[in-house]
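Q: return atomic coordinates for the entry below.
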Amino acid sequence: MKTITKKIGMTLENSNSKTYLELLDGRSEELHFKQAAPTHFTVSDSEFSLKTGVTVDLEIMNVDLVATSSVIWPGATIRVRGGLQGQGRTMKASASIPFNKKMADGVQGESWLYWVIETPQGEFHNKKPIHMKGTLKGLPPKDATFYSDSVIPLFDAEDNQVGTIYGCLQSN
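A: Numbering: from 1, shown residues only. Predicted coordinates:
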């Protein structure tokens with residue numbers, strides 16, 4: 001296996017996301033997010049093997065999303081921050097390109113996201129990553145959709161569980 005260690009910076013200019021937020025008191029809402037600022041990430045540490053192909057590792061530097069609540073906190077802005085401006089560290093992603101296949105053919109991509117969600121009730125965060133999966137045809141991942149099929153607990157600043165998020169979907 002050979003490792004290539006060159007870092008390349010990239011920007012994703014536009015993205016739309018949705019997720020279901022459910023609080024412990026039973027209130028829930030499907031939130032539709034727009035990208036408030038471009039997402040910056042670096043591509044680095046690619047590993048190549050004749051048996052498996054290429055694995056491209058990415059570091060997501062920031063995520064900045066906004067939605068307007070219509071059910072839980074009607075009219076309030078809900079903001080999601082991830083990466084350095086969220087929980088203070090980059091988030092990880094990868095793309096797996098099988099041997100004898102090109103990324104343009106469509107390859108499996110994954111990301112592991114940690115968010116800080118700013119709400120009128122305070123900031124919530126996840127300790128378990130939101131594992132997103134999708135198909136990539138290039139970098140930055142334009143015309144790609146990623147989804148998560150797990151339920152992720154959310155915690156407040158005192159580490160009390162306040163709710164969950166699930167059904168995360170991102171379209172670039």
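Q: rest of the way, CA atoms for contacts and neighbours
A: Noted.
Q: per-residue pLDDT, Thr11?
A: If you check Thr11, the pLDDT there is 58.
Q: now do Phe146
A: pLDDT, Phe146: 91.
Q: next: the one 5 residues further on.
A: Turning to Val151, the model gives it a pLDDT of 98.
Q: around it, how many other residues sit close by?
A: 15 (other Cα atoms under 10 Å).
Q: next, count neighbours for Gln121.
A: 9.
Q: what does the one 5 residues further on give?
A: Residue neighbour count, defined by other Cα under 10 Å, stands at 22 for Asn126.
Q: ramachandran coordinates for it?
A: Backbone torsions of Asn126, given as degrees, to the nearest 10, read phi -110, psi 140.
Q: now do it against Pro120, distance only.
A: According to Cα to Cα, to the nearest Å, Asn126 stands 17 Å off from Pro120.
Q: low-confidence regions, this structure specifically.
A: Applying pLDDT under 70 to the chain picks out residues 1-13, 45-51.
Q: OK, contacts around Ser69?
A: Contacts for Ser69 (Cα atoms under 8 Å, 6 or more residues apart in numbering) come out as 29, 31, 75-78.
Q: and with 6 Å instead?
A: 75-76 (Cα atoms under 6 Å, 6 or more residues apart in numbering).
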